[in-house]
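A.B. asks: Predicted model, plus sequence, below.
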Amino acid sequence: MHKKYPAIFLDRDGTIIEDVGTISDPKQIELYPDTVESLKRLMDKFKLFVLTNQAGVSKGEVSLEDVENVNKYLSDVLLKEGVKIEQFYTCPHSVEDQCHCIKPKPFMMEKAAEEYNLVLGSSFMIGDHPHDVKTGSEHGVMGLYVLTGHGQKHLKDLSSWKMVFHRLTDAVNWIDEHPDHEEYFKRELPKAAEIIKEGGVVAFPTETVYGLGADVFNPEAVKKIFEIKGRPTNNPLIAHISNMDKLSLLTDNVPPKAKRLMENFWPGPLTVVLEKKDTVPDIVTAGNPTVAVRMPSSSIALELIELTGTAVAAPSANSFTCTSPTTAQHVIEQLGDKCDKVIDGGACRVGVESTVITFSGKVPMILRHGGLSREDIEEIIGPVEVIEGAKDVNKESPGQMLNHYAPKTSLEIVSSIPDFLKTDEKVGIILPEPTGESFNGPVEILSRNGDLKEMAVNLYAAIRRLDSFGLKLMVTLPFPDEGIGRALNDRLKKAANGQQNKT
Ligand code: TXA
Ligand code: MG
């Protein structure tokens, strides 16, 4: 028997090169900055292939010959850098052609498996379209989704079980660290649930940010959360549930408007503050007569909570006042050895905390802007009030404290970036969208096409990356003040304030 190899199948446009529409000329190729390094790391263990749908051929926008030239050129460029792509497989059809080879049909993978003696069950497919990650799943090929290219645009069509990553390099890290593939979750989630049941603390992914979870009904376990985070106990936690039946563990009173919000937005980035049951320990609610409840939409989170058989109290899995984590690496860097386990489920799809709304007053009041917009809420239940952050600190929602979400490096919000900062290489720049300016220091562009949701997904990771460079200052432009942009502006202000408070 010949040795069998596992493979990495890569989508082309939006995954290893910028998606610039139909490419007919090699000059249009723009490799992502992390492509070469990422692929090099895979080469010891895997054979690499590119699988690409090029509907432009069928539509007459480009000839198959041109596509093959582009592929050949790309292959040569990568080879020069030390990355060998064994083969490019191209489907030249469009969906209407109903061909046998278009993704998510696994034909091209099956062909590669035959030609190169591959073991598909230990292989991965990486791409920026839901069809990419679906390709080969019936053969046990694990699909990993990247948020580059059109990843953000198609995210709503991606199954909630699939893992997403900010960049190719993050997907490659996951493959590196979890060679055991899908078994990872089958094995680790029951273990993690057992830890929580026994009074331990587990960091786990949700769609908003990573949470640090313990059993709501175990005060000793909940106390550990506060200790690990260094968080004062006057700041209450959110109780996370995995199904509607568990709501009755926490409250007996759900106002009709709260119910309508839950029906519309759960599971999802919405936290509802309700009258608490006596059985909910005071440490969870910081002595408040109310409890904050949320049902997250991440399948990994839901499965974990379900396996615990209880409700899981979880704040964001970062040290008190620091930037919230949107990847497992963020958690490990800050709290890794302090929690009993960290579940690595890739990047968070929303990227900013849940919206917190209370029903304790006459009119529902948003206590914290978050992943669900005020507009979406008002469409369902009519006008709501919004807490004025600074005034009510520590009373209605302690999370309104002004020094939350702070990086080590000072952060300033400016309406336009002055020239003397543009030329300073020790100044890091965060741009919600491209401005066409050039800078001497490191730049993070959160969305190439001005998509607010994409900005949210990338914001915390961008702050953390710049914060790791030892810069003297980070500068950012504000976000449009609408939808999820309100939450982003709120976090920026608090991040900027946090630094001022410390000095
Ligand atoms: O997206 C999220 O909400 C994440 C993930 C892990 O689910 N969790 C999170 O938790 O952000 P944390 O602890 O960082 O923020 C909880 C927020 C705080 O602003 C807190 O003051 C507020 O919810 N909160 C909790 N219980 C409350 C209560 N009984 N009354 C008013 N506000 C409450
Ligand atoms: Mg693509």
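C.D. replies: Sure, I can see it. Numbering: from 1, shown residues only. Ligands and ions are numbered 1, 2, ... in the order given.
A.B. asks: residues contacting the residue of the chain found nearest ligand 2?
C.D. replies: Nearest residue of the chain to ligand 2 (C-beta to the ion) works out as residue 14 at 3.3 Å. (Each C-beta comes from the backbone N, C-alpha and C, glycine too.) Residue 14 is in contact with 127, 128, 129, 146, 148, 149, 150, 151, counting by C-beta atoms under 8 Å, 6 or more residues apart in numbering.
A.B. asks: partner residues bridging the first one?
C.D. replies: Residue 127 forms beta bridges with residue 145, as assigned by DSSP bridges.
A.B. asks: which residue ranges form the helices in the stretch 101-250 of the chain?
C.D. replies: Assigned by DSSP state H, counting those that start in this stretch, the stretch 101-250 of the chain shows helices spanning 107-116, 130-134, 151-154, 168-177, 183-197, 219-229.
A.B. asks: winner for burial among those helices?
C.D. replies: helix 130-134 (a mean of 23; mean count of other C-beta atoms under 10 Å).
A.B. asks: How about that one and ligand 2, touching?
C.D. replies: No: counting by C-beta under 5 Å from the ion, no contacts exist between helix 130-134 and ligand 2, the nearest distance being 6.5 Å.
A.B. asks: could you say what helices and strands that helix packs with?
C.D. replies: Contacts defined by 3 or more C-beta pairs under 8 Å, 6 or more residues apart in numbering; DSSP states H and E place helix 130-134 against strand 124-127, strand 142-146.
A.B. asks: Format the CA atom coordinates belonging to it as CSV.
C.D. replies: C-alpha atoms of helix 130-134 as CSV (Å, rounded to 0.1, in the frame of the first residue of the first chain):
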residue,chain,number,x,y,z
PRO,A,130,-20.7,28.5,2.8
HIS,A,131,-20.4,26.2,-0.3
ASP,A,132,-16.7,25.9,0.3
VAL,A,133,-17.1,24.6,3.8
LYS,A,134,-19.9,22.2,2.8
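A.B. asks: how far out from the middle of the chain is that helix?
C.D. replies: Centre-to-centre, helix 130-134 and its host chain are 18 Å apart (C-alpha atoms, centre = their mean, to the nearest Å).
A.B. asks: what does stretch 331-351 give?
C.D. replies: Stretch 331-351 sits 12 Å away from the centroid of its parent chain (C-alpha atoms, centre = their mean).
A.B. asks: Likewise for stretch 7-25?
C.D. replies: Distance of stretch 7-25 from the chain centroid (C-alpha atoms, centre = their mean) equals 22 Å.
A.B. asks: quick one: terminal-to-terminal distance for that stretch?
C.D. replies: End-to-end distance of stretch 7-25 (C-alpha to C-alpha, to the nearest Å): 28 Å.
A.B. asks: what comes up buried for that stretch?
C.D. replies: Neighbour counts over stretch 7-25 (16 or more other C-beta atoms under 10 Å) mark 7-19, 22-24 as buried.
A.B. asks: Taking the residues you listed together, which two end up most distant?
C.D. replies: Farthest apart among the buried residues of stretch 7-25 by C-beta to C-beta are 7 and 24. That separation is 28.0 Å.
A.B. asks: Near ligand 1, which residues of the protein? Just list them.
C.D. replies: Within the chain, the residues that sit near ligand 1 (C-beta under 6 Å from any ligand atom) are 206, 208-209, 211, 235-238, 269, 271, 273, 285, 288, 290-292, 294, 296, 314-316, 353-354, 356, 358, 367-368, 396-399.
A.B. asks: hey, where'd the helices end up in the stretch 401-503 of the chain?
C.D. replies: Along the stretch 401-503 of the chain, the segments classed as helices by DSSP H, counting those that start in this stretch run 419-422, 452-467, 485-502.
A.B. asks: Around ligand 2, which positions in this protein sit nearby?
C.D. replies: Counting by C-beta under 5 Å from the ion, the chain comes close to ligand 2 at 11, 13, 14, 128, 149.
A.B. asks: Identify the residue nearest the spatially most central residue of the chain in space, chain neighbours excluded?
C.D. replies: Centroid-nearest residue in the chain, with C-alpha atoms, centre = their mean: residue 348, separated by 2.0 Å. Of all residues not flanking residue 348 in the chain, residue 326 sits nearest, at 4.4 Å (C-beta to C-beta, 6 or more residues apart in numbering).
A.B. asks: Give the burial count for that neighbour, as a bare number.
C.D. replies: By other C-beta atoms under 10 Å, 30 other residues sit near residue 326.
A.B. asks: Make sure I have this right: residue 21 is in a strand.
C.D. replies: No: using DSSP: H, G, I helix; E, B strand; the rest coil, the assignment for residue 21 is coil, not a strand.
A.B. asks: Please tabulate the residues of the chain next to ligand 2 in CSV, including the columns distance to residue 246.
C.D. replies: Listed next are the residues of the chain next to ligand 2 as CSV, based on distance: C-beta to C-beta, whole Å:
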residue, distance to residue 246
11, 39
13, 43
14, 39
128, 35
149, 38
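A.B. asks: Include pLDDT when you put those residues into a markdown table, please.
C.D. replies: Below are the residues of the chain next to ligand 2 laid out as a markdown table (pLDDT from 0 to 100):
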| residue | pLDDT |
| --- | --- |
| 11 | 98 |
| 13 | 98 |
| 14 | 98 |
| 128 | 98 |
| 149 | 96 |
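A.B. asks: Out of these, the closest to ligand 1 would be?
C.D. replies: Ranked by distance to ligand 1 (C-beta to the nearest ligand atom), these are led by residue 128 at 25.0 Å.
A.B. asks: The closest one and residue 461: what is the separation?
C.D. replies: From residue 128 over to residue 461 the distance is 17 Å, taken as C-beta to C-beta, to the nearest Å.
A.B. asks: From the neighbour counts alone, determine which of the two ranks first.
C.D. replies: residue 128 (26 against 23).
A.B. asks: isn't the more buried one right next to residue 154, touching?
C.D. replies: Yes: counting by C-beta atoms under 8 Å, residue 154 is a contact partner of residue 128 at 7.5 Å.
A.B. asks: can you put the contacts of residue 14 in JSON lines and add distance to residue 427?
C.D. replies: Shown next, in JSON lines, are the contacts of residue 14 (distance: C-beta to C-beta, whole Å):
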{"residue": "127", "distance to residue 427": "35"}
{"residue": "128", "distance to residue 427": "31"}
{"residue": "129", "distance to residue 427": "36"}
{"residue": "146", "distance to residue 427": "29"}
{"residue": "148", "distance to residue 427": "26"}
{"residue": "149", "distance to residue 427": "29"}
{"residue": "150", "distance to residue 427": "32"}
{"residue": "151", "distance to residue 427": "29"}
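A.B. asks: Which pair of those residues spans the longest distance?
C.D. replies: 129 and 148 (11.1 Å).
A.B. asks: Verify the stated contact: residue 482 with residue 375.
C.D. replies: Yes: here residue 482 lies in contact with residue 375, judged by C-beta under 8 Å, at a distance of 7.4 Å.
A.B. asks: remind me which residues of this structure are low pLDDT?
C.D. replies: Residues of the chain that meet the criterion pLDDT under 70 lie in 1-2, 389-404, 498-503.
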